[in-house]
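A.B. asks: Sharing a sequence plus its predicted fold:
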Amino acid sequence: MSEHDNDPLGFNRRDFLRGGSLATVMTMLGGVELLAQTNAAPGGETASQKPKVKVGVIGLWTRGREIVNTLALLEQADVAAICDTYPAALKRAASAAPNATQTEDYKTILANKDIPAVIIATPTATHKEIALAALKAGKDVYCEAPLANTIEDARVIALAAKASKLHVFQAGLQMRADPLRIFLLPFVRSGQLGKMAEARAQWHKKTSWRSSSPNPEREKALNWRLDKAISLGLVGEVGIHAIDQAGWYLGSPPTAITGFGSITFWNDGREVPDTVQLVLEFPNGIRMLYDATLANSFDGDYEMLYGSDAAMMMRESKAWMFKEVDSPAFGWEVYASKTQFYKETGIALVADASKAKPATPQPTPGQDTPLANTPLYYALQNFLANSVAFKTTTDDYKASYGADDLDGLADQLSKVARKPAADYLEGFQSVVTAVKANEAIASGKRIELKPEWYELK
Amino acid sequence: MKRYTLFAGTLTVFLVGAAVTGCGQSSSTTATTTATNVAATAPASAGEMKMFIAKPGSKMRIEGTANIIHPTWQIEGPMIGGWMAVGPGFPTEPGQAATPGKLEATNSVFISVHSLKSVKEDGTPYSDRMDEVMCEHLKEAQYHQVYYHLSQLTLKEAAKSNGAPYVCEAKGDLVIAGVTNSITMPVNITPILIKGDKGLEIKGNTEVKMTDYKVAPVDINLVLGHIKTGDAVKLIFTWIVGEKKPAPPAAAP
C-alpha cells in the first residue's frame, strides 16, 4: 500500500492530475477570470428569468432571520410567508421580507396551497412536529440542523422524508451544498494532502447565547439552547456542521467520541456548557479535535485537515492549502494567490460550482455566481433549485402521462438531477453523532459508536 | 362511431390547449388544418380505431455538433407525452401479419421544452447555463412545447419475427419554437406489453436544421471557451404508448 492509497471514493492522485489537470490548474490559477467569462453574455444573450419558488419560513429567531436575509439575495426565492410565535421576531424579520404574509401559526403556511416549500428554523425540539406536518401537507421541506434533539425524533423525521418521494427534503447541513467544499472533496480523497493524519475544527465566539424578555415564560422559550433537557448544546447547535463535514471528507462517521464540557465564563445558572472539547475517532487511526466556546472569539471558526504533504484550512467559503517542504510540487501553486498566516503561506484553493469532479476532461460550463457567498446561501439556492426541478418534472409527468400513476412519478423524480445538498439520511446520521457527542460531554467519558446506530430503519 | 367521436373531441381539446399554452400562431394553424384532415379522411369504420396514450419509459435525445473546444453536445428529455390512434390494419400484436403500404394512424406528440437538459456523453448533467440558453433559443417562455403531428404512416417492411419491429416511414409536422415544418423520417414500431397490456414502442431518428425553425445557433462563452453550435441536429427518440382502456360503464341510476 502506498502512502497515497487512502482514497475511499476510488480517486487517486494520478487520476486527479491526469483527468483534471487543465481544469484544476485553470481553476486554481484563475477562478475569478474564468468565472467572469462564465457570466458573460455575448452574442446578445440575456440571462433567463429563473422560476421563483414561494417559500414559507417558520421560526424567525437568529437563525431564521439569517435565512430570511439570505433568501432576499436569491433570485429564485419569493418569501411568501413568515411565521413565529413571538410577534417581535416577526416584526424584525419582516424588513427583509416586506411582502410576506405574517403569521404566528405555522399551520396557516402549511394550509396555503400556493406555498410549495417551507424552511424550518424553530427550536430544535419542535422540528419533528412541524416537519412531519409539512411533509404530510405535501411541502418541500428544508429543516435546519440538527433535525432533532433525540435520535428517535430524528429517525421519525428521516423516515417520513424517505417515504415522501414526491417532495424535496433537505437537512440544513449547509456545508454539503457549498461548491468549494464539494470541489475539495475529491481533492482531499485523492490524496492531495498526502496520508491523512488528523482533523481539527473550532468555533469561538464571545456571546452569552442568552436573550432577555420582560416575560419570564417568553425568556425561557427564547433561551431553549441553555436548557439541557431540549438542547444538544454547542456540539448540536454548532459543532454538528464541522463534525459532519469531517465524516464526509474522511468517508466514514466517527467510531468513538470522548467529550469534555464546562461552564467557564457564563456562570449565570445555565446547565449547558459554554465551552466544550471533543476527540472524535475515525477509521485508520485518524482523530478529529473539536472545540467550541462562548467565552472567547479568537480566530473565529474554521476546519482543518492535516496530511503528510499538506494541511488544508476551510473558513466559510474560502480554503487554503499549507504545503510541507518535502511535498511533491503540483506546479500551479507557484502562480496561485497566497495569503500569509503568521509564518505560514496559505495557497488559495479556488473553485466554482461547475468543477466538482476532478476527472472531468474539461471543466463543465459555469452556472451561477462566483463563490462569494456563504454555505447557507448555496444550501438555500440548491433547495430552491431542487424544488423547481421537482415541480417542473411533476407537471411534465402529469401532462405526459396523467396524474394517477404516482409510483411512476416517484420513479421519474428519483432520476431528477438534484443540486448537491444534505438529505434525510445525512441529517439523521449527523444527529446520531451529535447526541452521542453531547452524551460524551455530559459524562466526560468515551463512547463507542456502533455502525448500526447510523442505519435508518 | 361513438369511440371516434370521442377521439376527435380529444384532439380538438388538445389543439385548443396547445394554442392556449402558447404553441404559437403557426403551430396552432397547422394543427387545426391537420385536425380537419383527420376528420375528412376518417374512414367509415373509424369506430374501430384504437387509442394509445403515452406511457413512461420514453426518451428524446438531441445530438449536435459545435466547434473545436466542444465538438459535440447532447440534450436529453425523459418524458414524451401525447396519444396515437391506429386503424384496424395496424399491427398491434407481435408478429401480426401486415401488408406494406399506408397504415391508418395519426398521433399528436409533445415534449416540454424545459424538460430537455444538456448532458455529457455519459448522460450525466452538463450545464445549467446551457439549459437556460437552450430554453431562450427555443423561446420556451412563449412556446412551452415542441410537438409533432403524424399525417401519414407507411409500412415499408413487416416484422420478420415476433418481437421484431415494423419498419415504417412517417410524414408529419414538427413544431419547434412556434414554427412548423413537414418532415419525413424512418420509424420502427414494435408491439410490446406494458404491465400485461398492449403497447407500442416507436423508435425513430431524423436530422433537422434549426434555422428552418428560426432557431439561431447557441453562441456563448463557457468556462473553458466559446461554444457555437452547428445548424444541423439529430433527433433520436423512443416513444412508448399503451392502449387506452375504455372507461368503465356508468353506473345505472
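C.D. replies: Nice, thanks for sending it over.
A.B. asks: rest of the way, CA atoms for contacts and neighbours
C.D. replies: Fine.
A.B. asks: Show me the strands in the stretch 251-400 of chain A, by range?
C.D. replies: Along the stretch 251-400 of chain A, the segments classed as strands by DSSP state E, counting those that start in this stretch run A:256-262, A:275-281, A:287-293, A:301-307, A:310-315, A:318-323, A:338-341, A:344-348.
A.B. asks: Pull the third one out as PDB, backbone CA atoms only.
C.D. replies: Yep, that's strand A:287-293 we're talking about. Extracted C-alpha coordinates of strand A:287-293, given in PDB (Å, rounded to 0.1, in the frame of the first residue of the first chain):
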ATOM      1  CA  ARG A 287      -8.800  11.600  15.100                       C
ATOM      2  CA  MET A 288     -10.600  14.900  15.000                       C
ATOM      3  CA  LEU A 289     -10.200  17.500  17.700                       C
ATOM      4  CA  TYR A 290     -13.100  19.900  18.000                       C
ATOM      5  CA  ASP A 291     -13.600  22.700  20.400                       C
ATOM      6  CA  ALA A 292     -16.200  25.400  20.800                       C
ATOM      7  CA  THR A 293     -16.500  28.200  23.300                       C
END
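A.B. asks: what mean pLDDT does that strand have?
C.D. replies: Average pLDDT, strand A:287-293: 98.
A.B. asks: quick one: low-confidence ranges for chain A?
C.D. replies: Applying pLDDT under 70 to chain A flags the ranges A:1-49, A:351-372.
A.B. asks: Please apply the same query to the stretch 1-150 of chain B.
C.D. replies: Ranges of the stretch 1-150 of chain B meeting pLDDT under 70: B:1-47, B:68-70.
A.B. asks: Show me which residues of it are close to chain A?
C.D. replies: Residues of the stretch 1-150 of chain B lying near chain A by Cα under 8 Å from any Cα of the partner chain: B:53-56, B:79-82, B:110, B:112, B:114-115, B:125-130, B:132-133, B:136.
A.B. asks: Give me the three-state assignment for the residue lying closest to B:Lys244 once chain neighbours are set aside.
C.D. replies: Nearest non-adjacent residue to B:Lys244, counting by Cα to Cα, 6 or more residues apart in numbering or on different chains: B:Phe52, 5.2 Å away. Of the three states, B:Phe52 takes strand under DSSP: H, G, I helix; E, B strand; the rest coil.
A.B. asks: Can I get the strands of the stretch 251-400 of chain A in JSON lines including distance to B:His144 and mean neighbour count?
C.D. replies: What follows is those, written out as JSON lines (distance: least, Cα to Cα, whole Å; neighbours: other Cα atoms under 10 Å in any protein chain shown):
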{"stretch": "strand A:256-262", "distance to B:His144": "55", "mean neighbour count": "22"}
{"stretch": "strand A:275-281", "distance to B:His144": "53", "mean neighbour count": "24"}
{"stretch": "strand A:287-293", "distance to B:His144": "52", "mean neighbour count": "22"}
{"stretch": "strand A:301-307", "distance to B:His144": "46", "mean neighbour count": "20"}
{"stretch": "strand A:310-315", "distance to B:His144": "43", "mean neighbour count": "20"}
{"stretch": "strand A:318-323", "distance to B:His144": "40", "mean neighbour count": "21"}
{"stretch": "strand A:338-341", "distance to B:His144": "48", "mean neighbour count": "12"}
{"stretch": "strand A:344-348", "distance to B:His144": "44", "mean neighbour count": "17"}
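A.B. asks: what about residue 66, how many neighbours?
C.D. replies: All of this refers to chain A. 17 (other Cα atoms under 10 Å in any protein chain shown).
A.B. asks: should've been chain B
C.D. replies: Neighbours of B:Ala66 using other Cα under 10 Å come to 19.
A.B. asks: Next, the closest residue to chain A within chain B: phi, psi?
C.D. replies: Scanning chain B for proximity to chain A using Cα to the nearest Cα identifies B:Gly81 as nearest, at 3.8 Å. In terms of degrees, to the nearest 10, the main-chain angles of B:Gly81 are phi -100, psi 180.
A.B. asks: How about B:Lys234?
C.D. replies: Per-residue torsions, B:Lys234: phi -110, psi 130 (degrees, to the nearest 10).
A.B. asks: In contact with the nearest residue to it once chain neighbours are set aside, which residues?
C.D. replies: Leaving out its chain neighbours, the residue that sits closest to B:Lys234 by Cα to Cα, 6+ apart is B:Glu207, at 4.3 Å. When contacts are counted by Cα atoms under 8 Å, 6 or more residues apart in numbering or on different chains, B:Glu207 touches B:232-235.
A.B. asks: Then A:Gln381?
C.D. replies: A:Gln381 neighbours (Cα under 8 Å, 6+ apart): A:74, A:76.
A.B. asks: swap in B:Pro88?
C.D. replies: By Cα under 8 Å, 6+ apart, the contact set of B:Pro88 is B:48-50, B:104.
A.B. asks: which residues sit against stretch B:111-123?
C.D. replies: With Cα under 8 Å, 6+ apart as the test, stretch B:111-123 has contacts from A:392-393, A:396, B:73-81, B:125-128, B:130-131, B:135, B:138, B:140, B:144-147.
A.B. asks: Please compute how far stretch A:404-412 lies from its chain's middle.
C.D. replies: Mean-position distance between stretch A:404-412 and its chain equals 30 Å (Cα atoms, centre = their mean, to the nearest Å).
A.B. asks: is chain B contacted by that stretch?
C.D. replies: Yes. Stretch A:404-412 lies within reach of chain B by Cα under 8 Å from any Cα, at A:Gly408.
A.B. asks: ok so, going back, which positions within the host helix or strand of the residue nearest to B:Lys234 qualify as buried?
C.D. replies: Here B:Glu207 sits within strand B:197-209, counting by DSSP states H and E. Buried residues in strand B:197-209, defined by neighbour count with 16 or more other Cα atoms under 10 Å in any protein chain shown: B:198-205, B:207-208.
A.B. asks: How many neighbouring residues does A:Lys50 have?
C.D. replies: By other Cα under 10 Å, neighbour count at A:Lys50 equals 12.
A.B. asks: Contact partners for it?
C.D. replies: A:75-76.
A.B. asks: hang on, it in a strand?
C.D. replies: No. A:Lys50 is assigned coil when assessed by three-state DSSP, not a strand.
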